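Undergrad: what would the 3D arrangement of this be:
(one chain, ligands or ions: 1)
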Amino acid sequence: MKKYLAPGAALLCLLLTVPAALAAGEVVVYSARNEQLIKPMFDAFTKETGIAVKFVTDKEGPLMQRLKAEGANTPADVLITVDAGNLWEAANEDLLQPANSEVLEKNIPAHLRDPQNRWFGLSVRARTIAYNTQKVKPGDLSTYEDLAGPKWKGRLCLRTSKKVYNQSLVGMLIAQHGEAESEKIVRGWVANLATDPFSDDTKTLEAIAAGQCDVGLVNTYYYGRLMKKDPKLPLALFWPNQNGSGVHVNVSGAGVTKHAKHKAEAVKLLEFLSSSDAQNLFADVNMEYPANPAVKPDPVVAAWGSFKQNPINVAKAGENQAAAVKLMDRAGYR
Ligand code: FE
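TA: Numbers count the residues shown, from 1 in each chain. Take a look at the predicted model:
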């Protein structure tokens, strides 16, 4: 009991600091995305609908644990988090319920949402190849699978397999190639590593820029952040698998909680977040791509070029996550 008193008290304080609802109701959000990212969208939503948004931010693990512990008593109506692996887990833990909405089905492509409508991707993050422009020509590059070949021996940098982004990437590989073939690919990557895996994507990019390795796999917004700081870095992005399966994409997204007290308002918020009005707010602030294909990315992001996405449903990242973790362990990917 005592264990949950402190977070509960913290929650209450946070809720009280948010301006009270005017008349049109309210919606309560648990968000693993930080206040700076979500507040502008919530303000725009309140302005348009009159519905007040109360929110709590924390890491996805604690938020999901809180939802589980609170059960039917949770004040949360909506969960926002990054990575389809996390959204899938929330649905799998029975923390979310279907939101059936024609607006959401129209705005969000089928491969970027839960087949049962328990969560919806709201921004797209592409996990693609980054390379050192002084050591690699774009013509040298082709596919994720090719990075497992002998040509890249001692030239590849990767982030740790502990990160959900790579677990999702391998989960998607399994969906595409099956386990045996995916394990061959991952073994090939490991054999080609220039150095031990890095703790984050930024360090991976810095190692490529410094010439410690020639190529790596990163989410594009980390490239965007780094190049904004130092535009002279010899780094570029490459879109692999364009004649085949497409670029591996993931999402940040949201779902309506199983025990939402304001379900109608919660669905309205998700619909708003999927709309042209909010999609740029959601995507641009972190240099991601809008999930709604009718909305153009930020000009800085658009300048990296357009690409074909892998159309496999991102839910596979979650479904195959456990298998992916075991596979990477067997393959010696640390
Ligand atoms: Fe990230």
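Undergrad: by mean pLDDT, which helix or strand of the protein comes out lowest?
TA: Scoring the helices and strands of the chain by mean pLDDT, DSSP states H and E places helix 2-17 at the bottom, with a mean of 46.
Undergrad: now do the SS call for residue 256.
TA: Under DSSP: H, G, I helix; E, B strand; the rest coil, the three-state class of residue 256 is strand.
Undergrad: and stretch 295-307, what's its mean pLDDT?
TA: Taken as a whole, stretch 295-307 carries a mean pLDDT of 97.
Undergrad: gap between the two ends of that stretch?
TA: 15 Å (C-alpha to C-alpha, to the nearest Å).
Undergrad: in that stretch, what counts as buried?
TA: Of all the residues in stretch 295-307, those buried under the rule 16 or more other C-beta atoms under 10 Å are 295, 297, 298, 301, 304, 307. For glycine as for every other residue, the C-beta is placed from the backbone atoms N, C-alpha and C.
Undergrad: can I get those residues in JSON lines with secondary structure and distance to residue 190?
TA: Formatted as JSON lines, the buried residues of stretch 295-307 follow (DSSP: H, G, I helix; E, B strand; the rest coil; distance: C-beta to C-beta, whole Å):
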{"residue": "295", "secondary structure": "coil", "distance to residue 190": "38"}
{"residue": "297", "secondary structure": "coil", "distance to residue 190": "33"}
{"residue": "298", "secondary structure": "coil", "distance to residue 190": "35"}
{"residue": "301", "secondary structure": "helix", "distance to residue 190": "31"}
{"residue": "304", "secondary structure": "coil", "distance to residue 190": "28"}
{"residue": "307", "secondary structure": "coil", "distance to residue 190": "26"}
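Undergrad: can you show me the helices along the stretch 101-250 of the chain?
TA: Along the stretch 101-250 of the chain, the stretches classed as helices by DSSP state H, counting those that start in this stretch are 102-107, 164-177, 179-192, 201-209, 220-229.
Undergrad: just give the number of residues close to residue 88.
TA: Look at residue 88: counted by other C-beta atoms under 10 Å, it has 24 neighbours.
Undergrad: that one in helix, strand or coil?
TA: Going by three-state DSSP: residue 88 is helix.
Undergrad: show me what contacts it?
TA: Listed by C-beta atoms under 8 Å, 6 or more residues apart in numbering, the contact partners of residue 88 are 114, 119, 315, 317, 318, 319, 321.
Undergrad: can you add neighbour count and secondary structure and give these back as JSON lines?
TA: Listed next are these as JSON lines, based on neighbours: other C-beta atoms under 10 Å; DSSP: H, G, I helix; E, B strand; the rest coil:
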{"residue": "114", "neighbour count": "23", "secondary structure": "coil"}
{"residue": "119", "neighbour count": "31", "secondary structure": "coil"}
{"residue": "315", "neighbour count": "25", "secondary structure": "helix"}
{"residue": "317", "neighbour count": "31", "secondary structure": "helix"}
{"residue": "318", "neighbour count": "26", "secondary structure": "helix"}
{"residue": "319", "neighbour count": "17", "secondary structure": "helix"}
{"residue": "321", "neighbour count": "23", "secondary structure": "helix"}
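Undergrad: picking up where we left off before, adding distance to residue 274, write the buried residues of stretch 295-307 out as CSV.
TA: Below are the buried residues of stretch 295-307 laid out as CSV (distance: C-beta to C-beta, whole Å):
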residue, distance to residue 274
295, 9
297, 15
298, 17
301, 18
304, 23
307, 21
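Undergrad: out of those residues, who's nearest residue 40?
TA: residue 298 (14.0 Å; C-beta to C-beta).
Undergrad: what's the burial count for the residue nearest to that closest one when sequence neighbours are not counted?
TA: Leaving aside its chain neighbours, residue 298 sits nearest to residue 284 (4.1 Å; criterion: C-beta to C-beta, 6 or more residues apart in numbering). Neighbourhood size, residue 284 [other C-beta under 10 Å]: 18.
Undergrad: wait, residue 245 sits on residue 310?
TA: Yes. Using C-beta atoms under 8 Å, residue 245 is in contact with residue 310, at 5.1 Å.
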